[in-house]
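Novice: Quick one: sequence and predicted model below, then my questions.
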Amino acid sequence: MTFRLTTRPGHPTFTDLPWEQHLEDWESGRLVTPVRGISRHVVRFVAYGPDMYALKELPDPIAEREYRLLRELADRSVPVVEAVGVATGRTDRAGDVADGILITRHLPFSLPYRTLFGRRANAELWPQMLDALVQLLVRVHLAGFFWGDCSLNNSLFRRDAGALAAYLVDAETGELHHELSAGQRRHDLDIAEENIAGDLYDLQAAGQLDESVDPARITVDLRSRYINLWAEVTRDEVLPSADRWFVDERVNRLNDLGFDVSEIELVDSGDGWHLHLTTQVVEPGHHRRRLLALTGLDVGENQARRLLNDIGLYRARLERRTGQPVAEQVGALRWLTEVFEPTLSIVPEDERGKLEDAELFHQILEHRWFRSEQSGHDIGREAAVTAYVEEVLKHQADEAVVLDPGTRASTELPAD
Amino acid sequence: MADIVLDHLEKVYDNGYKAITDLNLTIQDGEFLVLVGPSGCGKSTALRMVAGLEDISGGELRIAGRRVNEEPPRDRDIAMVFQSYALYPHMSVYDNIAFGLKLRKMSKGEIDSRVRKASNILGLDEYLERKPKALSGGQRQRVAMGRAIVREPSAFLMDEPLSNLDAKLRVQMRAEIAKLQKELGVTTLYVTHDQVEAMTMGDRVAIINRGLLQQVATPRELYLEPDNLFVAGFMGSPPMNQAMADVHIDGDHVSITVSGQRLVVDPELVAQRPAIKGFGGRQVIMGIRPEDVKDPEEVPEHPGDRRLRAPVELIEALGSEQVIHFDVETPPVPVMQPEGGTAPGNGATNIMWVAMFSPRSFVRLADTVEFCLDTSRLYFFDPDTGLAVRS
């Protein structure tokens, strides 16, 4: 067998790792132990500078297949972890064949569900997490992907301006099709329902689930949310006229749900205009791309929407002050240098890394609104930042990389 | 418990591609039927139609006598096994098996009864209170099986369930699944591309090629009495040796010429397959299994007119046996078409045949050996239709 290590440009070559050993036996200064989910395979993490990578050991053909699938899903704009490389043809020191290893980049600021919901205070996050997971499942299905193992455990979550965004982590059981049948979608939903119930019962068994949360009820909720979102995203409707306003309203609704429209078809059916929209999977939608084009900031969709609103307000104030129209691009760049960066610079250095910049800015805005409402007047930027840091940020865990409090991952099953 | 009837099933995709053509198959109540065929042959599509994952374009699917063409997967009372092996670390083995029933709001008494029945069958009784990390790999696989078993579905559907496992665990699980199926007696449809899995696990095996059923029979029958050239070539590892042969008839005696050498066909075989006489003066496709080609040192009394001289091209020593490869000159052997009939074979005039010899054989590379053919175990196929020549 010939050892082959395939990696994508822009990442380490990983050649310094002990490839001739089974993953569970590795000893390397690069190994780190973040909080992680359960896996049927041996999974370990290595750090190269600020970047962390997950290594999963599984038979060569399966590792290669999952690497290919994750890349194809990324090409189809499905939110997935980044597949960085795959090692195959390994033999151990005794010359025996060893399984392959899939390398994925650890998603910065991502949180496993056990971290999000292991804290009882976070029970109110459930609806957001369900929305995130349902949105991920709908995106995955629109892209023609039968997941086959949708679960909380096989997803990662990132904060996104008060909401959560879900990412697919494990594509091992998946199949990519041109289009999914209704039966495939239903079956995937059945699997998700049972898996998520299992995830929740397990949290319950560990004494980490808020007593108000009923796993059976959550799964019913998941199903109805999925059915509603799928219907909203894919349904055809009859419009009273072909007036642009009617079409825009539907398109905007889909945008708000986080989906884009690639094609609009209007057919005069006699009793009205039959509207069919081809919904496109984009990660995320137009808000993120628009903010990126205007400011160079690459953030989550909801964060982008929040920041664009703030840019809009700032631009309107500029126009009022100067009495002249301000181009969108100019307004955005001035907002970046006169609002966004100065606000974040007030946050003490040792607290700033706890959250992504966009999430931090969003939370400061929220806190400013909250405190201003309490005070009955706008408390101003500096006071808002100071209050936010003292009252919220100092008490918040660092989410850049959540490391296991012990030195070893207690949630890990021993290898088969 | 239920039988599954695929009655003239058809699957045509929107782009016109016909994945399944007129598939007729009955899986009897309690039977373990394996669908096998080369990659892309339509076997998984057929299983997915049964599962409700693919729409049915034509024909009727009945489970326990009920038409289910339009039923969603969860209403078909079937279980797709091994979607996931993940076990929950904080839950006991008991709870890992039971939680799916809890989700379905089943009574505690019924859950307990089903879990204990399943754990008894799976040999997990003494582990019910343990956590998954205290189990071996094989025991964990059994817990995962338990999750499917306690649902007590009418049928199990399994689509290449062992493909993600390493070779050792695959062999172990192959035996466990077959044993379990026998104990449970649940109708099972199992898809694999691996003919060894098919032969060792199934009560019956259905072979599919390009969406068309080629033959359905017991593993023994498929191996010993293949209906056509495709089945003959697909079942068996190494596969059946094949070559073009001229047929000569002399009264009741039949002989064939292969690779320029004349071989007498055993009279008993001629009696069993008299239709071969209809090929006198014509060509036929002949076949012989590798284990029916003997080492001359092992059978010194073997008649000279049933020996084939050929140089040894390659020897693979596998420990328990040696695989001997040797060259046979032959006109191109036609290739069986799924819908019937044959297409011309490739232009090669040499085919590598294989024989299985004892590890103690003295045969060496490049030796010219008089291979001893058991001509009572020859197979004949019509070169125009690809069908077996029998009675």
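Specialist: Cool, got the structure.

Novice: residues touching B:Leu387, list them.
Specialist: B:Leu387 is in contact with B:Asp227, B:Asn228, B:Leu229, B:Gly340, B:Phe381, counting by C-beta atoms under 8 Å, 6 or more residues apart in numbering or on different chains. (C-beta placed from N, C-alpha, C; glycine too.)

Novice: Please parse chain A into its domains.
Specialist: If you go by automatic domain parsing, the domain ranges for chain A are A:4-9+A:19-107, A:111-234, A:237-246+A:255-277, A:284-345, A:346-403.

Novice: for the longest one, what is the average pLDDT?
Specialist: Average pLDDT, domain A:111-234: 87.

Novice: Can you give me the first-to-last residue distance of it?
Specialist: 30 Å (C-alpha to C-alpha, to the nearest Å).

Novice: where exactly do the helices run in chain A?
Specialist: Counting by DSSP state H, chain A has helices at residues A:60-75, A:113-117, A:126-142, A:182-205, A:215-234, A:244-256, A:286-295, A:301-322, A:328-335, A:341-346, A:349-352, A:357-375, A:381-391.

Novice: Looking at the ones you listed, which is nearest to chain B?
Specialist: Between chain B and the helices of chain A, the tightest spacing by C-beta to the nearest C-beta is seen for helix A:182-205, at 3.7 Å.

Novice: Against which helices or strands is that closest one packed?
Specialist: helix A:113-117, helix A:126-142, strand A:145-146, helix A:215-234, helix B:43-51, helix B:93-103 (3 or more C-beta pairs under 8 Å, 6 or more residues apart in numbering or on different chains; DSSP states H and E).

Novice: Chain A contacts on the stretch 51-200 of chain B?
Specialist: B:51-55, B:72-74, B:80, B:83-92, B:95-96, B:99-100, B:102-103, B:105, B:132-133, B:137, B:140, B:164-166, B:169 (C-beta under 8 Å from any C-beta of the partner chain).

Novice: if we go to 7 Å?
Specialist: Within the stretch 51-200 of chain B, the positions adjacent to chain A are B:51-55, B:72-74, B:83-86, B:88-91, B:95, B:99-100, B:103, B:132-133, B:137, B:164, B:166 by C-beta under 7 Å from any C-beta of the partner chain.

Novice: what stretches of chain B score poorly on pLDDT?
Specialist: Applying pLDDT under 70 to chain B flags the ranges B:1, B:82-85, B:347.

Novice: let's see it at 50
Specialist: The model of chain B has pLDDT under 50 over residues B:83.

Novice: Toward the C-terminus, what is the element adjacent to the lengthiest helix in it?
Specialist: Determined from DSSP H, the single longest helix within chain B is helix B:167-184. Counting by DSSP states H and E, the next helix or strand C-terminal to helix B:167-184 is strand B:187-192.

Novice: got TSV for the helices and strands packed on helix A:182-205, with distance to A:Arg381 and mean neighbour count too?
Specialist: Shown next, in TSV, are these (distance: least, C-beta to C-beta, whole Å; neighbours: other C-beta atoms under 10 Å in any protein chain shown):
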stretch	distance to A:Arg381	mean neighbour count
helix A:113-117	30	21
helix A:126-142	27	22
strand A:145-146	44	24
helix A:215-234	37	16
helix B:43-51	58	24
helix B:93-103	50	23
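
Novice: related to what we said a few turns ago, give me the buried entries from the contacts of B:Leu387.
Specialist: Those of these that meet the buried threshold are B:Asp227, B:Asn228, B:Leu229, B:Phe381, by 16 or more other C-beta atoms under 10 Å in any protein chain shown.

Novice: could you redo those residues as a markdown table and give each row secondary structure and distance to A:Arg68?
Specialist: Shown next, in a markdown table, are the buried ones among the contacts of B:Leu387 (DSSP: H, G, I helix; E, B strand; the rest coil; distance: C-beta to C-beta, whole Å):
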| residue | secondary structure | distance to A:Arg68 |
| --- | --- | --- |
| B:Asp227 | coil | 38 |
| B:Asn228 | strand | 36 |
| B:Leu229 | helix | 35 |
| B:Phe381 | strand | 40 |
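
Novice: out of those, which one sits closest to chain A?
Specialist: For these, the nearest to chain A is B:Leu229 (29.7 Å; C-beta to the nearest C-beta).

Novice: State whether that closest one and B:Val284 are indeed in contact, as I suppose.
Specialist: No: contact between B:Leu229 and B:Val284 fails when scored by C-beta atoms under 7 Å: they sit 11.2 Å apart.

Novice: Which residues are in contact with each of the two?
Specialist: Common neighbours of B:Leu229 and B:Val284, counting by C-beta atoms under 7 Å, 6 or more residues apart in numbering or on different chains, are B:Phe381.

Novice: Filter the residues of the stretch 51-200 of chain B next to chain A down to just the ones in helices.
Specialist: Among these, the residues falling in helices (DSSP H) are B:Ala51, B:Asp95, B:Phe99, B:Gly100, B:Leu103, B:Gly137.

Novice: is it true that the last one touches B:Gln172?
Specialist: Read it as B:Gly137. No: counting by C-beta under 7 Å, B:Gln172 is not a contact partner of B:Gly137; they are 9.0 Å apart.

Novice: shared neighbours, the two?
Specialist: If you check B:Gly137 and B:Gln172 against C-beta under 7 Å, 6+ apart, no residue is contacted by both.

Novice: Tally up the residues packed near the residue of the stretch 251-391 of chain B found nearest chain A, please.
Specialist: Residue nearest to chain A within the stretch 251-391 of chain B: B:Gly319 (16.6 Å; C-beta to the nearest C-beta). Burial of B:Gly319, expressed as a neighbour count using other C-beta atoms under 10 Å in any protein chain shown, amounts to 6.

Novice: thinking again about what came up before, of the helices of chain A, give the one that comes closest to B:Pro334.
Specialist: Nearest of the helices of chain A to B:Pro334, taken as C-beta to C-beta: helix A:60-75 at 32.9 Å.
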